[in-house]
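> any chance you can model this:
(chains A and B)
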Amino acid sequence: MKVALKIWRYDAVAGERALREYEIDAPVEATLLDCLDIVKDRVDGTLAYRKSCRMMICGSCGMRMDGAAVLACKVRMSEVAEAGHIPVISAMGNMPIVKDLVVDMEPFWGKIRAVTPFLQPGYADPGEKENIVSQQRMDVIHKESLCIMCGCCVSECNSMEADPDFLGPAALAKGMRFVGDARDQATVERLQEYSGEHGIWDCTRCYFCQERCPKGVDPRDAIAKLGAEAVRAGIDSDMGAKHAKWFVTSAKTTGWLRETELVPKTQGIAKSMKEVKFAMGLLRHGKVPPPFPPHVAKHVEEARALYDLVKHDGAQGAAGIVQGEHALSRLEHAEDGGAAAERGPYGPGSFAEPYLPGEETT
Amino acid sequence: MRTVAYYKGCLASLSAKELDTSTQALAPKVGLELIELEAVTCCGAGDIHEAEPDYYLHLNARILAYAEATGADTLMTVCNVCTLNLRQANHALKGDAALLERVNDNLVTVGAPPYSGGVEVMHFLWLISVGEGYELLKGAAHKGLKGLKIAPFYGCQILRPSKLLGFEDPDKPESLERIIAACGGEAVDYPAKIKCCGFPIIQAREDVALAELIQPIEQAKEAGADVMVTPCPLCHLSLDAWQSKLRKQTGKDFQMPILHLSQLIGVAAGLDASELKFKRHVVSVSAVTEKLAV
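The predicted model follows:
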């Protein structure tokens, strides 16, 4: 089949970017990675990209196709070619470009290292006897263990685009892989570490990570599991944790969110006093509903009783999310959408761009 | 007339009443009879899912059970966050008999009806952007929005994760554009229309949230939009109410009016001012109403 590609090239020596078009003959089963190999072999040997296993397990060939992060070895090109579409291939976002489609993964690895990505079993000598972990306990971290650290989630993370120091979906999913590990003895320390300024509560729940992950890790759910474990452990001094807890308090008292109290309950009285002028502006337009009389849901006593009842069901913390995974795993991932935006990935107002060495990130 | 159970959610009950009044006024014009759920609570907005996920599941099961008890097969939402939370719980319960049984035991213990899995959760946008609802909408929007340039803003949790939402291509959605076209308006395109408005962290991480929020507003302005429209009251709140903070922080005064989906269609359908309630907006909508001579 004939396959045409537009590839954003970046020449590190000349510091120039250019969108170049290539057309090749490829076998009908060819993946995007196969097509890049053909371009490199037969058309332009200077094209740079990463690859290794070619079977979705090494995580080397993360890149963008039509603005969406993909593993090049996972994307079959026949449908795209048949449709006559010419996809735009570019480097992943939120990381600096080294050359063409190759990004510098060092910021990524730095965040992985920051979550202490290894087991801390609390002993130096494992002794003679094996420690056997039940399948049920391993199921808790099944999805997080699937991560191949390709960076597709980080590429699209909306919070990291706004805060480059955000630990981000890959590192936090890795953190959950150890927080949920029955053998790890550093759970409290980990949860404290991950609950810092650029941690769990920095996630804006855009779900791009979940959408892009080629392995079904569902990093956003992993972050929610960390939040649930932190709250359960009483590590809840961050404003994000207080914000989340206020929804629980609201549901088990009035049933509906007690909106007006949310700001002082999240930020504390002193900080929220600074927001008085802003709040007055909202008040004029009815955006600050009076807390009294409270807006109470009909039969709210049921919601109150449920709160006390579920405490005894053994599905507290992350287990409350894990229990839903059995059913959710049967849902197929939607197709990648293939012909996403035709706009160039580096145009004005585009998604989180990879940045050049030495450039400011935001 | 299609009968659906109607879940307002927290914001449309209080701070975004204009969303509720315009939705209720519009519904019969697009073939929907709404049975408003009264004995329901907050869906947890993703926050209870993160703080106490088992409680989140029970609260949402209870909402689904009360929706099912109305006899309707569809639970209609008007908020992205409610949509994702309810659909997520619905899939978890429908796909796991043991889990559903435990949750139902608890529901019955507290006096709520059990849930048998007979409800589909659909956002208002989905019900009116295809099929019969869309055909009725085209007829109802008789006054049109001629000459108005409209920036559709989808927000996150009506698109992603697509395996739970799945109504349309999450990278190239077009339901809002279809509705804008049906109302005779002109949709403008811009990359951030599918990105995050920052609302979930706007109180805990305001600087991060504002750096997200500015993108869609700035891009919509540059694309020539007179107004932005969103299917989510949380996106609406950040886009509308937090513009003053963007002005303070960046010096950029966008003055971009933000409409709820039901208000935009409501203008085209000739809804009354008492139903549209534009005075409840922080950023004035007068530029829009003047342009359309409403």
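> so how many other residues sit close to residue 78?
Looking at chain A here, since you left the chain open. Residues lying near A:S78 (other Cβ atoms under 10 Å in any protein chain shown) number 15. Glycine gets a C-beta too; all of them are placed from N, C-alpha and C.
> try again with chain B
26.
> what does the stretch 101-250 of chain A put close to chain B?
A:158-159, A:161-163, A:166, A:201-208, A:210-211, A:218, A:220, A:223-224, A:227-228, A:231, A:238-248, A:250 (Cβ under 8 Å from any Cβ of the partner chain).
> using ChimeraX, define a selection of the buried residues within those residues.
Applying 16 or more other Cβ atoms under 10 Å in any protein chain shown to these, the buried members can be selected in ChimeraX as follows:
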select /A:158,159,161,162,163,166,201,202,203,204,205,206,207,208,210,211,218,220,223,224,227,228,231,238,239,240,241,242,243,244,245,246,247,248,250
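> neighbours of residue 152, how many?
No chain in the question, so chain A it is. 30.
> wait, I meant chain B there
Other residues close to B:P152 by other Cβ under 10 Å number 27.
> surely it touches B:R178?
No. Between B:P152 and B:R178 there is no contact under Cβ atoms under 8 Å: 9.8 Å.
> let me see the ranges of the helices in the stretch 151-300 of chain A.
Under the criterion DSSP state H, counting those that start in this stretch, the stretch 151-300 of chain A contains helices at A:152-156, A:158-162, A:168-179, A:187-194, A:208-212, A:219-232, A:239-253, A:259-267, A:269-273, A:276-283, A:300-310.
> residues of stretch B:254-270 that come out buried?
B:254, B:256-269.
> quick one on the thing from earlier: for B:L34, find the nearest of the helices of the stretch 151-300 of chain A.
Evaluated with Cβ to Cβ, the helices of the stretch 151-300 of chain A place helix A:300-310 nearest to B:L34, the distance being 22.1 Å.
> I'd assumed B:M76 was in a helix, is it?
No. Read with DSSP: H, G, I helix; E, B strand; the rest coil, B:M76 is strand and lies in no helix.
> now do it, the pLDDT please.
pLDDT for B:M76: 98.
> verify the contact between it and B:Y6 for me.
Yes. Using Cβ under 8 Å, B:M76 is in contact with B:Y6, at 5.2 Å.
> common neighbours of those two, please.
B:L34 (Cβ atoms under 8 Å, 6 or more residues apart in numbering or on different chains).
> thinking again about what came up before, can you list the helices of the stretch 151-300 of chain A in CSV and add mean pLDDT and distance to A:G15?
Formatted as CSV, the helices of the stretch 151-300 of chain A follow (pLDDT from 0 to 100; distance: least, Cβ to Cβ, whole Å):
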stretch, mean pLDDT, distance to A:G15
helix A:152-156, 98, 22
helix A:158-162, 98, 23
helix A:168-179, 98, 28
helix A:187-194, 98, 38
helix A:208-212, 97, 29
helix A:219-232, 98, 33
helix A:239-253, 96, 40
helix A:259-267, 91, 44
helix A:269-273, 87, 44
helix A:276-283, 88, 44
helix A:300-310, 96, 58
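> residue in the stretch 51-200 of chain A with the shortest distance to chain B?
A:A162 (3.6 Å; Cβ to the nearest Cβ).
> excluding chain neighbours, what is closest to that residue?
In space, and not counting its chain neighbours, A:A162 is closest to B:A211: 3.6 Å by Cβ to Cβ, 6 or more residues apart in numbering or on different chains.
> for A:T187, same thing?
Nearest to A:T187 is A:V179, by Cβ to Cβ, 6+ apart, at 5.5 Å.
> the one you found is in contact with A:V188, isn't it?
No. Between A:V179 and A:V188 there is no contact, the gap being 9.6 Å when judged by Cβ under 8 Å.
> more neighbours, those two?
Ranked by neighbour count (other Cβ under 10 Å), A:V179 and A:V188 place A:V179 first, with 27 against 14.
> tell me the contacts of that one?
The contact partners of A:V179, taken as Cβ under 8 Å, 6+ apart, are A:187, A:190-191, A:194, A:225-226, A:229, A:318.
> TSV for those, including neighbour count and distance to B:Q215?
Shown next, in TSV, are those (neighbours: other Cβ atoms under 10 Å in any protein chain shown; distance: Cβ to Cβ, whole Å):
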residue	neighbour count	distance to B:Q215
A:T187	17	37
A:R190	22	33
A:L191	22	32
A:Y194	26	27
A:K225	30	29
A:L226	28	27
A:E229	24	32
A:A318	24	32
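> burial check on residue 5, number of neighbours?
Since no chain was named, I'll use chain A. A:L5: 22 neighbours (other Cβ under 10 Å).
> chain B is the one I meant
With other Cβ under 10 Å as criterion, B:A5 counts 25.
> what about the helices in the stretch 101-250 of chain B?
Using DSSP H, counting those that start in this stretch, helices in the stretch 101-250 of chain B cover B:124-128, B:131-140, B:175-182, B:206-222, B:233-241, B:243-250.
> pLDDT score for residue 87?
Since no chain was named, I'll use chain A. 97.
> let's do chain B instead
B:R87 is given a pLDDT of 98.
> and stretch A:319-330, what's buried?
Those would be A:319-325, A:327-328, for stretch A:319-330 by 16+ other Cβ under 10 Å.
> what is the end-to-end distance of that stretch?
19 Å (Cα to Cα, to the nearest Å).
> which residues are in contact with it?
So stretch A:319-330 is in contact with A:139-140, A:142-143, A:216, A:221, A:224-225, A:228, A:315, B:49, B:52-57, B:88-89, B:91-96, B:99, B:163-164, going by Cβ under 8 Å, 6+ apart.
> same thing but 6 Å
By Cβ atoms under 6 Å, 6 or more residues apart in numbering or on different chains, the list of residues contacting stretch A:319-330 from outside reads A:140, A:221, A:224-225, A:315, B:53-54, B:91-92, B:95-96, B:99.
> overlap of the contact sets of A:V179 and A:V188?
Counting by Cβ under 6 Å, 6+ apart, A:V179 and A:V188 have no contacts in common.
> that's a strand at A:G314, yeah?
No. Under the criterion used here (three-state DSSP), A:G314 is coil, not part of a strand.
> list the contacts of it.
Taking Cβ under 6 Å, 6+ apart as the definition, A:G314 has no contacts.
> what about it, distance to A:D238?
Using Cβ to Cβ, to the nearest Å, we find A:G314 at a distance of 26 Å from A:D238.
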